[in-house]
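Q: Let me see the structure of the following:
(2 chains)
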2 protein chains.
Amino acid sequence: MSLLDELQARLPADRIQADPDVVEAYSNDRAVFEKSGSAALLVVPRSTDEVVAAIEAANAANVPIVPRGAGTGLTGAANASDGCLMLSMHRMNEILEIDTTNRTCRVQPGVINSDLKRAVAEHGLFYPPDPASVDMSSIGGNVATNAGGLCCVKYGVTRDYVMALEVVLASGEVLRTGRQTIKSTTGLDLTGLFVGSEGMLGVITEITLKLVPAPPPPATAVAYFDELEPAGKAIVEIFTAGHEPSLMEIVDRTSLRQVEAVFPMDLDVDAACLLLMQSAGDDSSANIAAMAELCRSHGATDVYHVDDPHEGDMLIEVRRKVWPAFEHLGKALLPEDVAVPRQRLPELLAGITDIAERNDVMLPTIGHAGDGNMHPLLVFDGNDADEVERVRTAFGEIVHLALDLGGTIAGEHGVGTLKKEFIEDELDPLQLSTQRSVRTLFDPDGRFNPGKAL
Amino acid sequence: MSLLDELQARLPADRIQADPDVVEAYSNDRAVFEKSGSAALLVVPRSTDEVVAAIEAANAANVPIVPRGAGTGLTGAANASDGCLMLSMHRMNEILEIDTTNRTCRVQPGVINSDLKRAVAEHGLFYPPDPASVDMSSIGGNVATNAGGLCCVKYGVTRDYVMALEVVLASGEVLRTGRQTIKSTTGLDLTGLFVGSEGMLGVITEITLKLVPAPPPPATAVAYFDELEPAGKAIVEIFTAGHEPSLMEIVDRTSLRQVEAVFPMDLDVDAACLLLMQSAGDDSSANIAAMAELCRSHGATDVYHVDDPHEGDMLIEVRRKVWPAFEHLGKALLPEDVAVPRQRLPELLAGITDIAERNDVMLPTIGHAGDGNMHPLLVFDGNDADEVERVRTAFGEIVHLALDLGGTIAGEHGVGTLKKEFIEDELDPLQLSTQRSVRTLFDPDGRFNPGKAL
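A: Here you go, the predicted model:
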């Protein structure tokens, strides 16, 4: 039987989408260069049983499956493969339980990150991971990509919050991993294997997350520097001194100028960079003042710090405006995503500047300075083949620069197809073959997301 | 060739121990009931290469390998198998690097936990996991068992601190997992698989750990309760109110009486339990006062709180004296280790009391109340077959009570052989078979720690 017949035999008709325009609309994530294949059909399941049914149908018809959250990924991990069944989890979007004493919640994968944040905030709780896509991306997608964000410098990444999962395997079996207790040491950790697995091991249908008490409102500081190097030294010094900022972002000169050009806000466009910091602990005011002072002592030209969270929000508004400001140019935008150990950040920033000049590409840099996780943004004319070639070269050079500095090719966006060509540069042959063996163990027929990541 | 010949062909003579008394001394962990087998030989390697050599020798001679840290485990996970090669990692005990900016360190597995704590404290840093064996147990053993401790209620368990590992696989290959950056999303998480794997997947030869800034000295409160139930409610209320204690322990009446009998310290021996709390944040004094007030409002009969860390240390001294006080009886001591979601703690405590009465066994209970992780302590005459039988029954009943309350059979001690008979009661057939498949993938010949855990 055809895939459509197999699906119709197992699922209500309204779960199956065959309209090519609809299928196409669900066949791409937000990766720039990555080409998606042509999917055969789309299924939008409403329960774990329906996910099982869809997988059984795909097995019977022998077609690949590409699971998909909200499609906000940046690496092509949720792009269609040719002839595949797209499985969009957006209708499984219930918050099943919020446990205020155990500080946990159980959710379906389609719950939008910021919806969960709001729901737990009503109970005085906080779900920290905050990727830029926080208002659009789903918890299931966040788990599948091990999403990061701005607050990770203090609170960690998605992995640090996943306690238990329900996953439908390629066999159609429903695997439950993890535990509902704060501690457990029973057996091997299968939960962690699925976090960041980019849809290769199974379809996540339920997630138990750890929550933390809502932090007090943050105090905020911003500091301009004339050069990148002293900014890097100030960052190092802030951590060496024992501070725990809840946010530490950097915006470089090219970004400052573009934001100022599109959204005038009296930025110092001659500064080499602007460092943005928040502290959200009990002594946030004293801590942010101390961090500001460390910036001053490392040569920051202008430093402001405020206790009022609304004023603080305005001070860091520039960070949110960078992407829209460059979008305003009407050019293609390709965000890099590399990370290095914190103290190598000055070298990474200097190297990125060098790569931009050498390849003659527009390469503003913003990023999570406190994590050593940078997002250089390649801004280019996608129709200019020569420029595209230079952009590709610069992209690869940034990846290899990060590796040379002891870093990683994918800080928080994952590998997908975008970074697949570099995976052998980070993972040695034994680690790569071991990871592939684990993948094959869970998915012997290569049903899930073929051609992605590993 | 024999195992001895194979080893001598590959290793310096002084790494190999054939003296039966020495081998025997390294063939047991601290589990009470669990019988160890008779090991053939002991190897004490000094490098990763020597671990490889030992594994290759065992492969050539076709004998099992039991890796061992400091032997402080409580489940038999490091007990010898008959004819096995014991591999004791205690000589690989160098702290290789402490990185104060990235807040990480690299260590060999034999480093003692408290030695690492002291070394990083000199740099203003803190390695939180603090099992009771902190002064004896090794980081490698802590990783292999995913060790917990008193501070986990705020800081998490060993798993939360392991960033990267070097592991020698059964094939003799050296696998490097993880990363040196705060964030990374490159490929599948193999690191987490080895944390808590109880020596079943490979021999850990190097560990990269995350560190945190040293917390300020804690404020301390203790509260006596006339009944267990209001104590449980106070605990629930403290968490629901958003507090983040850095320690929250409970000591029951039987324990209070035994401590007072052996180490008189003016304890209220008529109280049902004593709750011990610390807060180590910036506002620790205000937070501990608020927690103390919550205890009072839930009927605590006597409540004390102090800001001075030395006075606080004296207030919680009772917790450290429980085990020595019962050891004083000269009886066998079998510690349980179960955990439940926090709000089920009152039911767990009530159920344990009931189990003690019904089986006529001495069953004092202490534990990490903030984690829902309890250590009921079975105190008995190991030569009284009837009492031993009742103890075994009570032991199993506690495990099943924890499961009935949504909990786990092994909060922080692992499974080993002690809890192996219960593993099917926690893990459903699919999860168990999946975990066993992962084990077989890494160790197809069953070389490592046969008969343990899974």
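Q: for the record, mean pLDDT for stretch A:271-287?
A: Averaged across stretch A:271-287, the pLDDT comes to 93.
Q: List the buried residues for it?
A: A:271-284, A:287 (16 or more other CB atoms under 10 Å in any protein chain shown). No exception for glycine: its C-beta is placed from N, CA and C like everyone else's.
Q: what's the farthest-apart pair in those?
A: Greatest spatial distance in the buried residues of stretch A:271-287: A:272 and A:282, 33.5 Å, computed using CB to CB.
Q: hang on, the earlier thing: which ones among the buried residues of stretch A:271-287 map onto helices?
A: Per DSSP state H, helices hold the following members of the buried residues of stretch A:271-287: A:284, A:287.
Q: Just give me the closest of the buried residues of stretch A:271-287 to residue A:193.
A: Closest to residue A:193, out of all of the buried residues of stretch A:271-287 and judged by CB to CB, is residue A:280, at 31.5 Å.
Q: Check the stretch 101-250 of chain A for the residue nearest chain B and tell me.
A: Closest contact between the stretch 101-250 of chain A and chain B, by CB to the nearest CB, is at residue A:192 (3.3 Å).
Q: Now residue A:294: which helix or strand?
A: In the assignment (DSSP states H and E), residue A:294 maps to helix A:284-297.
Q: Distance from the chain centre to that helix, please.
A: Mean-position distance between helix A:284-297 and its chain equals 29 Å (CA atoms, centre = their mean, to the nearest Å).
Q: What is that helix packed up against?
A: With contacts taken as 3 or more CB pairs under 8 Å, 6 or more residues apart in numbering or on different chains; DSSP states H and E, helix A:284-297 sits against strand A:219-225, helix A:228-240, strand A:273-279, strand A:302-306.
Q: Highest mean neighbour count out of these?
A: strand A:273-279 (a mean of 28; mean count of other CB atoms under 10 Å in any protein chain shown).
Q: So what's the gap between it and the chain middle?
A: Remark: strand A:273-279 is offset 20 Å from the chain centroid, using CA atoms, centre = their mean.
Q: Now do it against helix A:284-297: the angle between them, please.
A: In terms of direction (axes from the mean of the first three to the mean of the last three CA atoms, to 10 degrees), strand A:273-279 departs from helix A:284-297 by 160 degrees.
Q: who in the stretch 251-400 of chain A is up against chain B?
A: With CB under 8 Å from any CB of the partner chain as the criterion, the stretch 251-400 of chain A meets chain B at residues A:281-283, A:339-343, A:368, A:371-373.
Q: Apologies, that question was intended for the stretch 51-200 of chain A.
A: Residues of the stretch 51-200 of chain A lying close to chain B by CB under 8 Å from any CB are A:99-104, A:124, A:145-146, A:148, A:152-153, A:157, A:159-160, A:173-177, A:179-193, A:195-197, A:200.
Q: could you flag which of the residues you listed are buried?
A: A:99-104, A:145-146, A:148, A:152-153, A:157, A:159-160, A:174-177, A:179-193, A:195-197, A:200.
Q: In helices, which of those fall?
A: Those of these mapping onto helices are A:145, A:152-153, A:191-193, per DSSP H.
Q: And the furthest pair within these?
A: Using CB to CB, these reach their maximum pairwise distance at A:153 and A:193, which is 25.4 Å.
Q: which other helices and strands contact the top helix by length along chain A?
A: Secondary structure of chain A per DSSP H: the longest helix is helix A:385-404. Secondary-structure packing of helix A:385-404 (3+ CB pairs under 8 Å, 6+ apart): strand A:338-339, helix A:345-359, strand A:373-380, helix A:423-426.
Q: List of residues touching that helix?
A: Contact partners of helix A:385-404, identified using CB atoms under 8 Å, 6 or more residues apart in numbering or on different chains, comprise A:33, A:334, A:336, A:338-340, A:348, A:351-352, A:355-356, A:359-361, A:363, A:376, A:378, A:380-382, A:408-409, A:419, A:422, A:425-426.
Q: got the residue ranges for the strands in the stretch 51-200 of chain A?
A: Taking DSSP state E, counting those that start in this stretch to define them, one finds strands in the stretch 51-200 of chain A at A:65-68, A:85-88, A:95-99, A:104-107, A:125-126, A:162-168, A:174-178.
Q: Given the second one, what are its sheet partners and their directions?
A: Based on DSSP bridges, the pairing partners of strand A:85-88 within the sheet are strand A:41-43 (parallel), strand A:65-68 (parallel).
Q: Please state the offset of the shortest one from the chain centre?
A: Okay, so that is strand A:41-43. Counting by CA atoms, centre = their mean, strand A:41-43 comes out at 25 Å from the chain centroid.
Q: And that strand, what's buried?
A: Here strand A:41-43 shows A:41-43 as buried, counting by 16+ other CB under 10 Å.
Q: quick one on the thing from earlier: now the two most distant members of the residues of the stretch 251-400 of chain A next to chain B.
A: Using CB to CB, these span at most 31.1 Å, a distance reached by A:282 and A:340.
Q: Which residue, neighbours along the chain excluded, lies closest to residue A:18?
A: Nearest in space to residue A:18, with sequence neighbours left out and distances taken as CB to CB, 6 or more residues apart in numbering or on different chains, is residue A:41 at 5.6 Å.
Q: Give the bridge partners for that neighbour, please.
A: Beta bridges link residue A:41 to residue A:85 when assigned by DSSP bridges.
Q: Please apply the same query to residue A:17.
A: residue A:42.
Q: and it, how many neighbours does it have?
A: Residues lying near residue A:17 (other CB atoms under 10 Å in any protein chain shown) number 18.
Q: Next, the contact list for it, please.
A: With contact set as CB under 8 Å, 6+ apart, residue A:17 has these partners: A:23, A:26, A:41-44.
Q: so what's residue A:35 up against?
A: Residue A:35 neighbours (CB under 8 Å, 6+ apart): residue A:79.
Q: Just list the residues touching the nearest residue to residue A:453 once chain neighbours are set aside, thanks.
A: Take residue A:453 and drop its neighbours on the chain: the residue closest to it by CB to CB, 6+ apart is residue A:415, 4.2 Å away. By CB under 8 Å, 6+ apart, the residues touching residue A:415 are A:75, A:77, A:198, A:409, A:423, A:452-454, B:185-187.
Q: Pick the one among those closest to residue B:302.
A: When the contacts of residue A:415 are compared for distance to residue B:302 (CB to CB), residue B:185 wins out at 51.4 Å.
Q: Which strand residues bridge the nearest residue to residue A:304 once chain neighbours are set aside?
A: Excluding the flanking residues, the one nearest residue A:304 by CB to CB, 6+ apart is residue A:222, at 5.4 Å. Note on residue A:222: beta-bridge partners by DSSP bridges are residue A:276, residue A:304.
Q: Report the contact partners of residue A:222.
A: Residue A:222 touches A:274-277, A:303-305, A:315-316, counting by CB under 8 Å, 6+ apart.
Q: Could you do residue A:40 as well?
A: A:3-4, A:23, A:63, A:83-85.
Q: How about residue A:34?
A: For residue A:34, the contacting residues are A:75-76, A:79, A:416-418, by CB under 8 Å, 6+ apart.
Q: Chain B: which of the residues you listed is nearest?
A: Among the contacts of residue A:34, and counting by CB to the nearest CB, the member closest to chain B is residue A:75, at 9.0 Å.
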